[in-house]
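Trainee: Have a look at this prediction, sequence included:
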Amino acid sequence: MIRQLALLLGASLLPISAAQAETVTSPDGRIKVTLDADGEGIPYYEVTRDGVPVITKSNLGFNFTDADPMRRNFEVVSFREEAHQSSWEQPWGERQWVQDFHNELAVTFRQRDTSAREITVRMRVFDNGMGFRIEFPESASQPVYRIADELTEFNIAGDGTAWSIPAGDWNRYEYLYQKTPVSALSTVHTPVTMVMDNGLHLSFHEAALVDYSGMWLKRMDGTRLRALLSPSPRGPKVIREGAFTTPWRTIQIASNPKGLFESNIILNLNEPNKLGDVSWFTPHKYIGIWWEMHLDNTSWASGAKHGATTENAKKHIDFAAEHGFRGVLIEGWNLGWDGNWFGNGRDFDFTTAYPDFDIEAVAAYAREKGVRIIGHHETGGNIKVYEEQLADAMAFYERLGIDAVKTGYVADAGSVIAPADENGEGEILVWHDGQEMSRHHLKVVKEAAEHKIAVNPHEPIKDTGLRRTYPNWVSREGARGAEYDAWGVPKNDAGHVPEMIFTRLLAGPMDYTPGVFSLEGRGAEAADIPSTLARQLAFYVAIYSPIQMVADLPENIAKYPQALDFVKRVPADWAESMLVDGKVGEFAVIARRDRNTLNWYVGAVTDDKERQAKVPLSFLDPGKSYRATVWRDGAKADGLGADRHAMEVETMTVTSDKTLDLRLAPAGGFAIEFVPLG
């Protein structure tokens, strides 16, 4: 009764008895979290769903480089419970309105020793999962916290199947997903998604990663995982002074893939928008001087093969203007690309163009054509050099009317060059997801916001929902993107996108750079890219990003007018998003409604298996008729064979009580547009 009343009141603080103090349930009562200290004074938590264990006794604690551990001898000294019910609007996103219903329990533990140090564990429990963080107060006995290790555990109740990528290896997040038993995991990045033997779906990640080291997960034994913070060459993995909080550790819990896909936990655990009005950012589609470099037709470096020339840029601007693409990405325009820039970046100049690229004239030409240049800041993994030029670089773009920038951090993991001290003196090598980089990315985003510029980092730190707090952080890479289809060995396999939908994409938008209509990479053979043409169209719905590239060469895009027609129609900003059907790692059918019209769009992708997908249209408004245009795999299409371009386009009239039955070729897909009639 108390919790039900709290939901009606919304966000009210409630006194509770000692028996209730260490237990909190989800609003629907199905998930229960217990928080306590055991006989040795070790703080721990447990999670059940419908009375069935999900997470068994899992310890919490910290080791420091210069202080005794926070592990044993804790006692509960206070607790508070709060119920919250609200909704909030995204300025752009996969859905316009986000519901935030949760119950919260905050328990303060004090260590029974001479230090009397305290921590507060704050648990928020939603109907489809939970998040918790540790809050450190200011402490006279420990004014600076130098964290060596976080001892947070996730002791999973039982085995199952996991989809993961390795952490601590050279290629950052850019790996194909491995499907293994949970009990066979090693050290992995998050999100890591699992389907347990009892059918329960879980995904582990973190939210609001601010001024802290990114969390990896390391299997200790059986199905017990422990947080492992990204390393730091400074010794402590995290250094914080005064009061602070860790990121939220998140566990999404659902009966099926739909519950994972439609969860808003990551966003809801981030702070509200701090930038105010960001209407200056417009979700859009773009082309670029980019794929041609990956094909090795042109180069980032100067010389006879240089791609970013004034003439080439104007050609791309003309194409964008003709077909309604807002943006043109231009890479390789600035000094620094000659010689060894990979993992070096010492020669990059972010305000000086190569002689054959007149950036002032190109920017003016684009404005005349109603097109925006998308800027590019490749750092070569040298944030020391980038930060020294950051303010000038963003001001330069603002003056030219460039309101979006793609940043890059191409370096082996653990090889990012950062300032050795606060004065920028000397150099030190850090990890892409260490504390130094969490600080750096926010510095870039905040500086860009001062100039009304949106940021899209590649080779980034992971997405943890900070786009809610800083809505100019619009997308990022953070996984294997379509560039691997140009030169990767191996290329992205047919299962990669169906796996990412339920792993990487649970964290937030991805600039996957779809739209390779030619289906050919560098030195391509007939079956070079595992995809049908219709699958490339499905990506625009299945892979969410408020900026969507049409990656292929303009001449290849124009060669397939039916595909181009869909890409010109499909939006990049949505009012609603839902999973119609799917299975982790195998296939997904996704429906989204345009934010600016009443049109709906569906995109479906499959792995290397041919499937027959049934698409019930119950998401359409009842009683209305819609014109449905379907771009689907042809009868003989095969994304793994010779007939990858076979595609059929048909139009029909449908209503919400109809179910479409559509073939998915191996490595195939389909895309549908629904437009209300009358």
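Mentor: Right, received. Where do you want to start? Numbering: from 1, shown residues only.
Trainee: Pull the distance from the strand or helix carrying S86 to the chain's centre.
Mentor: Here S86, judged by DSSP states H and E, is contained in strand 74-89. Relative to its chain's centre, strand 74-89 lies at 27 Å (Cα atoms, centre = their mean, to the nearest Å).
Trainee: Following element in sequence after it, please.
Mentor: Past strand 74-89, the next helix or strand by DSSP H and E is strand 97-111.
Trainee: I'd like to know the average pLDDT value across that next one.
Mentor: Mean pLDDT, strand 97-111: 97.
Trainee: now the angle between strand 74-89 and it, please.
Mentor: Using axes from the mean of the first three to the mean of the last three Cα atoms, to 10 degrees, the direction of strand 97-111 lies 170 degrees away from that of strand 74-89.
Trainee: tell me what the helix or strand following strand 97-111 is packed against?
Mentor: Beyond strand 97-111 in the direction of the C-terminus, DSSP H and E gives the next helix or strand as strand 118-126. With contacts taken as 3 or more Cβ pairs under 8 Å, 6 or more residues apart in numbering; DSSP states H and E, strand 118-126 sits against strand 23-25, strand 31-37, strand 43-49, strand 74-89, strand 97-111, strand 129-136, helix 265-268. C-beta: built from backbone N, CA, C; applies to glycine.
Trainee: Sheet-wise, list the partners of strand 118-126 with their directions.
Mentor: Strand 118-126 pairs in its sheet with strand 97-111 (antiparallel), strand 129-136 (antiparallel), by DSSP bridges.
Trainee: Could you identify which of those is most buried?
Mentor: Greatest average neighbour count among those goes to strand 129-136 (a mean of 22), per mean count of other Cβ atoms under 10 Å.
Trainee: Strands along the stretch 201-350 of the chain, start to end?
Mentor: With DSSP state E, counting those that start in this stretch, the ranges of strands along the stretch 201-350 of the chain come out as 201-207, 215-221, 224-229, 238-241, 244-245, 248-254, 284-289, 327-330.
Trainee: Over to the stretch 401-550 of the chain?
Mentor: Going by DSSP E, counting those that start in this stretch, the stretch 401-550 of the chain shows strands at 404-408, 416-419, 427-430, 454-458, 547-549.
Trainee: closest to A393 out of the ones you listed?
Mentor: Closest approach to A393 among these (Cβ to Cβ): strand 404-408, 8.4 Å.
Trainee: Let me see the mean pLDDT of the closest one.
Mentor: Per-residue pLDDT values over strand 404-408 give a mean of 98.
Trainee: Each with direction, which strands does that strand pair with?
Mentor: Applying DSSP bridges, one finds strand 404-408 paired with strand 372-378 (parallel), strand 454-458 (parallel).
Trainee: gap between the last one and the chain center?
Mentor: Using Cα atoms, centre = their mean, we find the averaged C-alpha position of strand 454-458 to lie 12 Å away from the chain's own average C-alpha position.
Trainee: One more: stretch 37-48?
Mentor: Worked out by Cα atoms, centre = their mean, stretch 37-48 lies 32 Å from the chain centre.
Trainee: Using CSV, write down the CA coordinates of it.
Mentor: Output of stretch 37-48 as CSV, limited to C-alpha atoms (Å, rounded to 0.1, in the frame of the first residue of the first chain):
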residue,chain,number,x,y,z
ALA,A,37,25.9,-6.2,5.0
ASP,A,38,26.8,-9.8,5.9
GLY,A,39,28.3,-11.2,9.0
GLU,A,40,31.8,-9.9,8.1
GLY,A,41,30.3,-6.4,7.4
ILE,A,42,30.7,-6.8,3.6
PRO,A,43,28.0,-4.8,1.7
TYR,A,44,26.1,-6.9,-0.8
TYR,A,45,23.0,-7.0,-2.9
GLU,A,46,20.7,-9.7,-4.3
VAL,A,47,18.1,-9.6,-7.1
THR,A,48,15.0,-11.8,-7.7
